[in-house]
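Undergrad: A structural model of the following input is requested.
(chains A and B)
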Number of protein chains: 2
Amino acid sequence: MPKLDFRSPRLFVDAPLAAGAGIALDRDQTNYLGNVLRLAAGDTVLMFNGRDGEWQATLAGRKRPDRAEIVSQTRPQDGLPDLHYVFAPLKHARLDYMVQKAVEMGVSALRPVTTRFTQASRVNVERMRANVIEAAEQCGILSLAEVHDPEPLERWLGARNGARLLVFCDEDAPAADPAAALAQAGNGGASGIDVLIGPEGGFAEEERALLLKQPRLVQLSLGPRILRADTAAVAALAVVQTALGDWG
Amino acid sequence: MPKLDFRSPRLFVDAPLAAGAGIALDRDQTNYLGNVLRLAAGDTVLMFNGRDGEWQATLAGRKRPDRAEIVSQTRPQDGLPDLHYVFAPLKHARLDYMVQKAVEMGVSALRPVTTRFTQASRVNVERMRANVIEAAEQCGILSLAEVHDPEPLERWLGARNGARLLVFCDEDAPAADPAAALAQAGNGGASGIDVLIGPEGGFAEEERALLLKQPRLVQLSLGPRILRADTAAVAALAVVQTALGDWG
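TA: Take a look at the predicted model:
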């Protein structure tokens, strides 16, 4: 893992970033920098916008820092692997956590799909976006994962690009060894990877049947013990990133 | 993953379990079963004690269930891989979470080690034990991970069995591919595996020097992005369980 500057706070902003640019901070950022971190004019932060890399910036403002001047680039923009995390949403705090963890693991898109046994009936997409930003700020990730609106599993399956590999984390997977299953599938010719974690209640029979009809399917077993869905997310993404992603 | 009965609550008890045995429930269990789950005499639960497998039991009691009669064994006792999770403790809720996740991932021992940059100065070992039990109850794990008292990293390193493989999750690891690093190390002749995750502030230079002197050492890189310590725990354990543990 690269050494990052963890002493400077890292802020996501929407504005274009370039040397000499002045950035207005919003009220939350002003409050966080001034009241929580007790920073003042002259102090240094890092900024990124998902497009222009990471930049050092100097805070300005009379009482509390309400703007920043961009000084110089500290890291160039990087990309994320074409790895989508597809999941049955959990409730509240566990969904926050799951989104943050998937971002740390380097997914480029988050796709909530509702299933027959999905626990959460509503998904707060804005809150998911806030969690994506928070995890990127904390972990020095410069590209933001795309957050999709929830859709029914069947609709997602019907519309997805069949050239992508589908890694289905399946407690009934026939092959026991996840590394072997992924090595056998490879991603030869696949145009990206979708990793699917189902609801903790499992998939309904008709959902399973639909899933098993997908082209380029890998059924992944995650060991002999049951995992909570948020644990399965990190475990599956670690194994996939190691075998086929940018950890190898 | 095996199909488990997730509809019946699963309770850890200390007492020996055998057909016909009567088990007294403690106040917390009585409260949980009676007031939270609204179960009553005649309802069924699952019980395990870490030694005698999993048993179906029938609740009894006049107002709320305060004892249980053991009926029949549902699963035999299993074991856990000889996989120890060694970690710089985090604070409160994040430590709870980390302990639960390590248990789900199948570790047989939890060893907190204090380092120069460890965040948490005190470790509540009883609370760690409660989290081990909670995760085992929730995930159907029949063997309880052993919880060790915290000790300084240097003391742990000085006393550990050098025949065990030490997997050091190291952001400065030279080899990039975790699967290749583990495959090369293998565990040929190693009598168990210690997986070490350091504090989020990293190790001090002198701690690192001590670590790098250990025999049977594998330095494991966990990809190009920084991970929070609890994420690194699940990711590292997934990769290790896949390459050398009971997921393969």
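Undergrad: Let me know whether stretch A:139-156 sits next to chain B.
TA: Yes - under the criterion of C-beta under 8 Å from any C-beta of the partner chain, chain B is reached by stretch A:139-156 at A:139-141. (Glycine included, C-beta is placed from N, CA and C.)
Undergrad: all strands of chain A, in order?
TA: With strands called from DSSP state E, chain A shows them at A:10-12, A:22-24, A:44-48, A:54-60, A:67-75, A:83-87, A:109-114, A:146-147, A:151-152, A:165-169, A:193-197, A:217-220.
Undergrad: Next, format the ones you listed as a markdown table and append mean neighbour count and mean pLDDT.
TA: Output for these, formatted as a markdown table (neighbours: other C-beta atoms under 10 Å in any protein chain shown; pLDDT from 0 to 100):
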| stretch | mean neighbour count | mean pLDDT |
| --- | --- | --- |
| strand A:10-12 | 19 | 95 |
| strand A:22-24 | 14 | 96 |
| strand A:44-48 | 21 | 96 |
| strand A:54-60 | 21 | 97 |
| strand A:67-75 | 17 | 97 |
| strand A:83-87 | 25 | 97 |
| strand A:109-114 | 21 | 96 |
| strand A:146-147 | 16 | 98 |
| strand A:151-152 | 14 | 95 |
| strand A:165-169 | 25 | 95 |
| strand A:193-197 | 26 | 97 |
| strand A:217-220 | 22 | 94 |
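Undergrad: can you redo these as TSV with distance to B:Ala24?
TA: Formatted as TSV, the strands of chain A follow (distance: least, C-beta to C-beta, whole Å):
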stretch	distance to B:Ala24
strand A:10-12	54
strand A:22-24	65
strand A:44-48	58
strand A:54-60	60
strand A:67-75	61
strand A:83-87	42
strand A:109-114	44
strand A:146-147	50
strand A:151-152	48
strand A:165-169	40
strand A:193-197	40
strand A:217-220	43
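Undergrad: If we ignore the residues flanking it in sequence, what's nearest A:Asp82?
TA: A:Gly192 (3.6 Å; C-beta to C-beta, 6 or more residues apart in numbering or on different chains).
Undergrad: count of residues packed around the nearest residue to A:Gly245 once chain neighbours are set aside?
TA: Ranked by C-beta to C-beta, 6+ apart and with sequence neighbours excluded, the top spatial neighbour of A:Gly245 is A:Pro81, at 4.7 Å. Around A:Pro81 there are 19 other residues, counting by other C-beta atoms under 10 Å in any protein chain shown.
Undergrad: Was I right to think A:Pro81 contacts A:Gln241?
TA: Yes - A:Pro81 is in contact with A:Gln241 according to C-beta atoms under 8 Å; the separation is 7.3 Å.
Undergrad: Common neighbours of these two, please.
TA: Contact criterion C-beta atoms under 8 Å, 6 or more residues apart in numbering or on different chains; residues shared by A:Pro81 and A:Gln241: A:Gly106.
Undergrad: How about the contacts made by the most far-flung residue of chain A relative to its centre?
TA: Most distant residue from the mean C-alpha position of chain A: A:Arg62, 36.3 Å away (C-alpha atoms, centre = their mean). Taking C-beta under 8 Å, 6+ apart, we find A:Arg62 in contact with A:Ala41.
Undergrad: And the pLDDT for it?
TA: Predicted confidence (pLDDT) for A:Arg62: 90.
Undergrad: low-scoring pLDDT stretches of chain A, where are they?
TA: Within chain A, the stretches with pLDDT under 70 are A:1-7, A:175, A:187-189.
Undergrad: try 80 this time
TA: Within chain A, the stretches with pLDDT under 80 are A:1-8, A:119-121, A:174-176, A:186-190, A:248.
Undergrad: what residues go with each domain of it?
TA: A:10-75, A:83-244 (the TED database).
Undergrad: Please report how far the residue positioned nearest the centre of chain A lies from chain B.
TA: Centroid-nearest residue in chain A: A:Val103, 2.6 Å away (criterion: C-alpha atoms, centre = their mean). Using C-beta to the nearest C-beta, to the nearest Å, we find A:Val103 at a distance of 9 Å from chain B.
Undergrad: ok, the closest residue to that residue other than its chain neighbours - contacts?
TA: Excluding the flanking residues, the one nearest A:Val103 by C-beta to C-beta, 6+ apart is A:Ala135, at 3.8 Å. By C-beta under 8 Å, 6+ apart, the contact set of A:Ala135 is A:99-101, A:103-104, A:141.
Undergrad: go on, A:Gln241?
TA: A:81, A:83, A:105-106, A:247-248, B:223.
Undergrad: Which single one of those is nearest to B:Glu69?
TA: A:Met105 (45.9 Å; C-beta to C-beta).
Undergrad: my guess is that closest one meets B:Ala235, correct?
TA: Yes - at 7.1 Å, A:Met105 counts as touching B:Ala235 under the criterion of C-beta under 8 Å.
Undergrad: buried stuff in stretch A:124-138?
TA: Residues of stretch A:124-138 classed as buried: A:128-129, A:131-133, A:135-138 (neighbour count, 16 or more other C-beta atoms under 10 Å in any protein chain shown).
Undergrad: Return the distance of that stretch from the chain's centre.
TA: Centre-to-centre, stretch A:124-138 and its host chain are 9 Å apart (C-alpha atoms, centre = their mean, to the nearest Å).
Undergrad: Stretch A:132-152 now?
TA: 5 Å.
Undergrad: and that stretch, how far apart are its ends?
TA: 22 Å (C-alpha to C-alpha, to the nearest Å).
Undergrad: what separates the residue nearest to A:Met105 when sequence neighbours are not counted from B:Arg225, distance-wise?
TA: Of all residues not flanking A:Met105 in the chain, A:Leu237 sits nearest, at 3.9 Å (C-beta to C-beta, 6+ apart). Per C-beta to C-beta, to the nearest Å, A:Leu237 is found 11 Å from B:Arg225.
Undergrad: Need the overlap of contacts for these two.
TA: Joint contacts of A:Leu237 and B:Arg225 (C-beta under 8 Å, 6+ apart) are A:105-106.
Undergrad: higher neighbour count, those two?
TA: Higher neighbour count among A:Leu237 and B:Arg225: A:Leu237, with 30 against 24, using other C-beta under 10 Å.
Undergrad: Surely A:Leu11 and A:Met47 touch.
TA: Yes - when contacts are counted by C-beta under 8 Å, A:Leu11 is listed as touching A:Met47 (5.1 Å).
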